[in-house]
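Colleague: fold the stuff below for me.
(2 chains)
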Amino acid sequence: MPSDALTKEFQAIVGKENVLESEADRHSYSYDSAVLDPVVPELAVRPTTSEELGKVVRLCNQHGLPLTPRGSGTNLSGGTIPAQGGIVLLTNALNKIVEINEEDLYAVVQPGVVTATFANEVAKRGLFYPPDPGSQAVSTLGGNVAENAGGLRGLKYGVTKDYVMGVDFFDVNGELVKSGSRTVKCVTGLNLSALQVASEGTMGVFNEIILKLVPPPAANKAMMAIFDDIDKASETVASIIAHHIVPCTLELLDNATINYVEDFTKAGLPTSAQAILLIEVDGHAAQVAEEAEKVVELCKKAGAVEVKAAKDEAERNKLWEARRAALPALARAKPTTVLEDATVPRSQIPAMIRAINEIGKKYRLDIGTFGHAGDGNLHPTILCDKRDKEEFHRVEEAVDEIFDVALSLKGTLSGEHGIGLAKSKWLEKETSPATIAYAKALKAAIDPKGILNPGKIIGG
Amino acid sequence: MADLHKLAIMLQELDDQMVACMKCGMCQAVCPVFAETMNESDVTRGKIALLENLAHEMIADAQGVKEKLNKCLLCGSCAANCPSGVQIMDIFLKGRVIVNGYLGLSPVKKAIFRGMLTKPTLFNALLSFGGKFQGLFTSKVDDLLGSSCSKIMSPLIGDRHFLTLAEKPFRKIASGLDTAPGKSGLKVAFFPGCVVDKMLPHVGEAVLKVMKHHGVGVFLPKGQACCGIPTLSSGDRESFDKLVKLNVKAFRKGKYDALITPCATCTATIKEMWPKFAENYPAELKADVLAMAEKAMDVSQFLVDKVGVKTVDSPTGGTRVTYHDPCHLVKSLGVSAQPRTVLGACKDYDFVEMSEANRCCGNGGTFNLHHYEVSKKIGQRKRDNVVASKADVVATSCPACMMQLTDTLSRNGDRIAVRHAVEIYAESLD
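Modeller: Numbers count the residues shown, from 1 in each chain, chains lettered A, B, ... in the order given. Predicted coordinates for the structure are as follows:
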């Protein structure tokens, strides 16, 4: 527990009602969506204005108190677990959409704006914000930027970093630092905005974010291709891209996932199929029609047993329901769901999936794999019971091995879930000692007391 | 003193259910309480984390856990939106029983539940007595809504605009009925519920009128008691069991096709909660509980699914009516089309859909008593949606929602009537 005097200092800044200090409140900010041990903070503090936010950061620095920013706590790598105690800084009251500029195609938002709320507001004005993390109904834009969140549309539209035009943030002293611009082109000075993206709150505390908007596609077409061989499915992915078609979404479900989804939804999925690809192309109507036809042809050529194209919006929704059901279907199979984020070059997807299946057999674990095949971002999902210590030990060993394989295939530790606490131990394997040293030096210069979300990404 | 062995077993059962929570936080998107407070401990994920902690070591702040656990409307929005299919209502209700077993029931609740509610004769007599003298302490506010406020300062009532006790409860208007099926060949057992009995007897009368119109026999036995939800949601398992037994005893003698209620909460409690807590009942009692649960249904559901009531074409320009979905119907039982069909069968009414019709009104039974300020804010959003629909009447299927809608509309000075769907339908049969 913090001293009464310190609690009072926070209360003086944000008001008594925004300093949560009871045992029960503190416990409810001890975790996020990662399957990791909770750490109870000393306080949870909720600023409601920029001014309060800056003062809270300054006070933490004065007292050397660790500060963990938290949006909705939906991240899957432990980024919002207060690893070294201190305070959890709640951003959810900083939830104003400051500006949506329809002429210049940008928006300015506070970090606590919920992603789906923002996307809907933008859509009402006939514009489009493409990043669509699975948690968008809950996750915040600040959290998306901090974790560099992805989503189903990554292949064509990229991830959150591709939409960040600028970030205004408080440095550790509580001084407001401005970076980026409302202009499409901006090469002024060091790219401090880029440093903030994926920093998981270790480099500053976001105050306002400038986000790029784009015009929405006029039309779309969804298809499902069924394969009796997962290699053929992967070859199809490569073939589609090689023919210069970039679908907005290109998702893969493996045999295990198909069966779990079918058990759950009874949607009539082909349970004997080794893989299905769910593909959507978008753009101008004529282009969509042409590309859809070509995709069907390429799927068949690559050996698809069957390709079903959605005839209307209802059929399109039905196809996506199967994809959306993947996680719930897997989650209901066993008590604990360990959703991982191994990402490899597209050409290595068959090798990665084969390796995941072998690892599953070796460690006697149920693993369903689905994910964004178009960008090589797979989600091997291990079904287990964390209370069974022996089993969970096997899970940890399997995860280690999955990441070893991903790195050996020239992949990466994280396609969209961040590093946080969960993956920091592997970071050096993917990068190098010099990279870690550089990052640590940067961190030490920016945050000498090490209070900004300590323990994340580079450890410490 | 709590029976620690029993508590340990209950905690283990709870642990088995809680472990399925992925902590994904999707419950935040739909929780009406979280939308107002933005506190993690007010949303399901936070409460489950607290209970996990409780299960493992009974954290230092058991009272705090109890308060957090009680700060929930039990509306079921989170359960309906949970990707992992966590049985959230079971967890919360069992959690409340466990915390209550550890900390004990408050003296006030003990007196109300064990001293009154589980003794229906005394409970009814006390409320009848109260009904006679309520005029001394209340002032009428709005005739259209039938709302009153308190003449005296009372922390329990605050600035609420409430429905008063009826001059004559429903059980004195109709009770001990056992009529034969008419042209429909169907017969129902009728469970009016406490609020209809004591505050809204005209809703009970409307049900009888509708059943008579459609030639449905009615079994309305004496000796009915509360469905038990106030006791269960307060963690008082002992009183809940007593109430279930009283009701089973009252209905055991009847033969009927369906057990109907005009109260969404009573329907959901009988249909879902009774069986879940009947596991250790004696075999005969358990069988009766399961049989009643199987037959329980909302009155509109019965009218549409069993009697065949259909929407009719009606000229436009009638009274504009909108519909608020009670959580216990739409989220727990998936009933939402039938009440709209019943309203669509009323030829002098034009049905208009409001925004967020299935969003909780904020009543939540005892939640409204303990967290009135939050309840009011949630209610205000519902009120704004009702007003925006430009309806003359807001209909619903739950007396508790009717109380909340009356309060919020009356306090805002809105001239929009609050009616039960079956009331409007009964009126249209004239």
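Colleague: host element of the residue most central in space within chain B?
Modeller: Ranked by distance to the mean C-alpha position of chain B (C-alpha atoms, centre = their mean), the top residue is B:Thr265 at 2.6 Å. Here B:Thr265 sits within helix B:264-268, counting by DSSP states H and E.
Colleague: mind giving me the packing neighbours of that helix?
Modeller: Secondary-structure packing of helix B:264-268 (3 or more C-beta pairs under 8 Å, 6 or more residues apart in numbering or on different chains; DSSP states H and E): strand B:296-298, helix B:327-330, helix B:399-411. Using the backbone N, CA and C atoms, a C-beta is placed for each residue, glycine as well.
Colleague: of all those, which lies closest to chain A?
Modeller: Of all the helices and strands packed on helix B:264-268, it is helix B:327-330 that lies closest to chain A, at 18.8 Å by C-beta to the nearest C-beta.
Colleague: domains of chain B: list them as residue ranges, please.
Modeller: Following automatic domain parsing, one finds the domains of chain B at B:4-104, B:310-428.
Colleague: run the contact check for the last one versus chain A.
Modeller: No: with C-beta under 8 Å from any C-beta of the partner chain as the threshold, domain B:310-428 lies outside contact range of chain A, at a closest distance of 11.5 Å.
Colleague: coming back round to it: could the helices and strands packed on helix B:264-268 go into CSV alongside mean pLDDT?
Modeller: Converted to CSV, the helices and strands packed on helix B:264-268 look like this (pLDDT from 0 to 100):
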stretch, mean pLDDT
strand B:296-298, 98
helix B:327-330, 96
helix B:399-411, 95
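Colleague: next, format those as TSV and append distance to A:Lys429.
Modeller: What follows is the helices and strands packed on helix B:264-268, written out as TSV (distance: least, C-beta to C-beta, whole Å):
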stretch	distance to A:Lys429
strand B:296-298	59
helix B:327-330	50
helix B:399-411	57
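Colleague: want to throw these into JSON lines with mean neighbour count and distance to B:Ser184?
Modeller: Supplementary listing: the helices and strands packed on helix B:264-268 in JSON lines, determined by neighbours: other C-beta atoms under 10 Å in any protein chain shown; distance: least, C-beta to C-beta, whole Å:
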{"stretch": "strand B:296-298", "mean neighbour count": "26", "distance to B:Ser184": "15"}
{"stretch": "helix B:327-330", "mean neighbour count": "26", "distance to B:Ser184": "23"}
{"stretch": "helix B:399-411", "mean neighbour count": "26", "distance to B:Ser184": "26"}
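Colleague: do you know which of the ones you listed lies nearest A:Gln274?
Modeller: For the helices and strands packed on helix B:264-268, the distance to A:Gln274 is smallest for helix B:327-330, at 40.1 Å, taking C-beta to C-beta.
Colleague: who are the packing partners of that closest one?
Modeller: helix B:264-268.
Colleague: any idea how far the helix it packs on is from the chain center?
Modeller: Per C-alpha atoms, centre = their mean, to the nearest Å, the displacement of helix B:264-268 from the mean C-alpha position of its chain is 5 Å.
Colleague: list the buried residues in the following helix or strand past that helix.
Modeller: Next in sequence after helix B:264-268, counting helices and strands by DSSP H and E, comes helix B:274-276. Neighbour-count burial for helix B:274-276, counted by 16 or more other C-beta atoms under 10 Å in any protein chain shown, picks out B:274-275.
Colleague: quick one: residues in contact with helix B:274-276.
Modeller: B:90, B:228, B:244, B:289-290, B:292-293 (C-beta atoms under 8 Å, 6 or more residues apart in numbering or on different chains).
Colleague: where does the stretch 101-250 of chain B dip in pLDDT?
Modeller: For the stretch 101-250 of chain B, residues meeting the criterion pLDDT under 70 lie at B:133.
Colleague: so where do the strands sit in it?
Modeller: Chain-ordered strands for the stretch 101-250 of chain B, with DSSP state E, counting those that start in this stretch as the definition, fall at B:138-142, B:147-150, B:162-163, B:177-178, B:186-190, B:216-220.
Colleague: nearest to B:His370, out of these?
Modeller: Between those, strand B:162-163 lies closest to B:His370; by C-beta to C-beta that is 16.0 Å.
Colleague: on that earlier part again, quick one: residues contacting the residue nearest to the centre of chain B.
Modeller: Each residue near B:Thr265 by C-beta under 8 Å, 6+ apart is listed here: B:193, B:227, B:229, B:326, B:328, B:365, B:398, B:400.
Colleague: and the two most separated of those?
Modeller: Checking the contacts of B:Thr265 against each other with C-beta to C-beta, the farthest-apart pair comes out as B:Cys227 and B:Pro326, at 14.2 Å.
Colleague: what's the burial count for whichever residue of the stretch 51-200 of chain A sits closest to chain B?
Modeller: Ranking the residues of the stretch 51-200 of chain A by distance to chain B (C-beta to the nearest C-beta) places A:Ala137 first, at 4.0 Å. Residues within reach of A:Ala137, counting by other C-beta atoms under 10 Å in any protein chain shown, total 18.
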